[in-house]
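In: Here's a sequence, model it:
(one chain, ligands or ions: 2)
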Amino acid sequence: MAYVISDECIACGACAGECPVSAISEGDGKYVIDADTCIECGACAGVCPVGAPAQG
Ligand code: SF4
Ligand code: SF4
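Out: Numbers count the residues shown, from 1 in each chain. Ligands and ions are numbered 1, 2, ... in the order given. Down below sits the predicted model:
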């Protein structure tokens, strides 16, 4: 399952730069992950200050 960013996201943008496949983009008030692109590496979860990304 791809990772999903919860509503806890504060839109800091840290995760987007860490994603090796550029699956993360800025959405409406928070960042979002393209499920079809995510390779489930977990890098986004590792850098997020609020623990918003989790395996969906
Ligand atoms: Fe990108 Fe990895 Fe996060 Fe998926 S789990 S969105 S591939 S950083
Ligand atoms: Fe949102 Fe966390 Fe990504 Fe920052 S690192 S944009 S808080 S999901």
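
In: tell me the phi and psi of Gly17?
Out: Torsion angles at Gly17 (phi, psi; degrees, to the nearest 10) stand at phi -70, psi -20.

In: what do you get for Ala43?
Out: Per-residue torsions, Ala43: phi -60, psi -40 (degrees, to the nearest 10).

In: try Val4
Out: Dihedral angles (degrees, to the nearest 10) for Val4: phi -130, psi 140.

In: from what I can see it touches Lys30, true?
Out: No: counting by C-beta atoms under 8 Å, Lys30 is not a contact partner of Val4; they are 10.9 Å apart. Where C-beta positions appear, they are placed from N, C-alpha and C, glycine not excepted.

In: so how far is ligand 1 from Gln55?
Out: 8 Å (C-beta to the nearest ligand atom, to the nearest Å).

In: Show me what that residue is bridged to.
Out: Judged by DSSP bridges, the bridge partners of Gln55 are Tyr3.
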